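>>> Sequence first, then the predicted structure, then my questions.
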Number of protein chains: 2
Amino acid sequence: MKSRLTIGKLAEAAGVGVETIRFYQRSGLLPEPERPLSGYREYSSDDVRRIRFIERAQTLGFNLEDIAGLLKLDGPQACSVTHDLALEKLHVVEEKIKALDAIRDALQQMVRQCERKHKRGTCPIIQSLVREEAKG
Amino acid sequence: MKSRLTIGKLAEAAGVGVETIRFYQRSGLLPEPERPLSGYREYSSDDVRRIRFIERAQTLGFNLEDIAGLLKLDGPQACSVTHDLALEKLHVVEEKIKALDAIRDALQQMVRQCERKHKRGTCPIIQSLVREEAKG
DNA sequence: GTAATCTCCGTACATGAGTGCGGAGTCAAG
DNA sequence: CTTGACTCCGCACTCATGTACGGAGATTAC
């Protein structure tokens, strides 16, 4: 089941370009793969999932450095390190969820208002992300 | 209460650089401000909120083009246009929330496992974002 | 009313995240 | 065993998102 993939097959399976994979490797987001025969990189289906994770995480506003941090949680570290890192990331994620919840509520409100043919008042969307800015 | 701001004051209030504001204006994210005296841009506190919205939305994985779309919901459009756009954006936001929920759950699980001094099995974080990829 | 500060503008530079190029080596099908 | 596709590598290029520069004009503080 752990099919061995060349870089081209991996790229296709993960929906990215070959160059992107080489770039991720250089950036430390993908581990150095084995290179048994002739120096060609040899990947597994785990790497497909890893790349998909990277792509998704990017759409959630994490940059590659953030993502490297998240991926470190995948390796075999001391539990205390993992714990602290996970907790820190958890914080960030919860903040993002809150902000997105606010946008979602604002969008739902707009949709409802429109469907009732009300004239809209002021747009709630901007307001949705403004609160709590002062407290920092 | 609608204090008039110079570009410098606005930048300070919103926590960005002056050049960033000019850049956002060029990019159509901020409307052309009035320029009564001498051609200096004159802003209001609404613009502070608008810029904060832009900054926050960026951390949620929206690029400037996406954000321009969201900000269009602020203007006075035909209700049908607003409705459709809002519904579309709502979809995107809900997907993001789902993905972040999955990451959050994975992180919580890791934190709990660590706190119980269990040896961790395979890392749940990557798995959190992988499901449903095949269906697209 | 002058010096310091701010703003104007266009343009150039910087950074993050890829994308492409070209020549050489490797693999797989016929 | 040749031919075409694939891979190797380093390096140059692109695109989005800002940032910085520099000279000229406006404003404000003294």
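Everything's here; your move.
>>> which stretch of helix or strand covers the nearest residue to residue A:73 once chain neighbours are set aside?
Among residues not flanking residue A:73 along the chain, residue B:125 sits closest, at 5.1 Å (Cβ to Cβ, 6 or more residues apart in numbering or on different chains). Every C-beta, even on glycine, is put in place using the N, C-alpha and C of the backbone. Following DSSP states H and E, the helix or strand that holds residue B:125 is helix B:124-128.
>>> what's around residue A:14, how many residues?
Using other Cβ atoms under 10 Å in any protein chain shown, residue A:14 has 23 other residues around it.
>>> quick one: it and DNA strand C, what's the gap?
With distances taken as Cβ to the nearest atom of the strand, to the nearest Å, residue A:14 is found 11 Å from DNA strand C.
>>> again, but for residue A:107
Taken as Cβ to the nearest atom of the strand, the span from residue A:107 to DNA strand C is 27 Å.
>>> Which secondary structure state is assigned to residue A:74?
Residue A:74 falls in the coil class when you classify it by DSSP: H, G, I helix; E, B strand; the rest coil.
>>> that older thread, in CSV, list the C-alpha atoms belonging to the helix holding residue B:125.
Presented in CSV, the C-alpha positions along helix B:124-128 are these (Å, rounded to 0.1, in the frame of the first residue of the first chain):
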residue,chain,number,x,y,z
PRO,B,124,-3.3,13.7,14.1
ILE,B,125,-2.4,17.1,12.7
ILE,B,126,-1.8,16.2,9.2
GLN,B,127,-4.7,13.9,9.1
SER,B,128,-6.9,16.8,10.2
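>>> ranges for the helices of chain A?
Secondary structure of chain A (DSSP state H): helices located at A:7-14, A:18-26, A:45-59, A:64-72, A:79-115, A:124-128.
>>> near chain B, anything from the first one?
This points to helix A:7-14. No: Helix A:7-14 stays clear of chain B (Cβ under 8 Å from any Cβ of the partner chain), getting no nearer than 9.2 Å.
>>> and that helix with helix A:45-59, angle?
For helix A:7-14 against helix A:45-59, the angle by axes from the mean of the first three to the mean of the last three Cα atoms, to 10 degrees is 50 degrees.
>>> ok, now the fifth one?
Between helix A:79-115 and helix A:45-59, the angle comes out at 50 degrees (the same axes, to 10 degrees).
>>> Enumerate the residues of chain A near DNA strand C.
Residues of chain A lying close to DNA strand C by Cβ under 7 Å from any atom of the strand are A:16-17, A:19-20, A:22-24, A:37-40, A:54, A:58, A:63-65.
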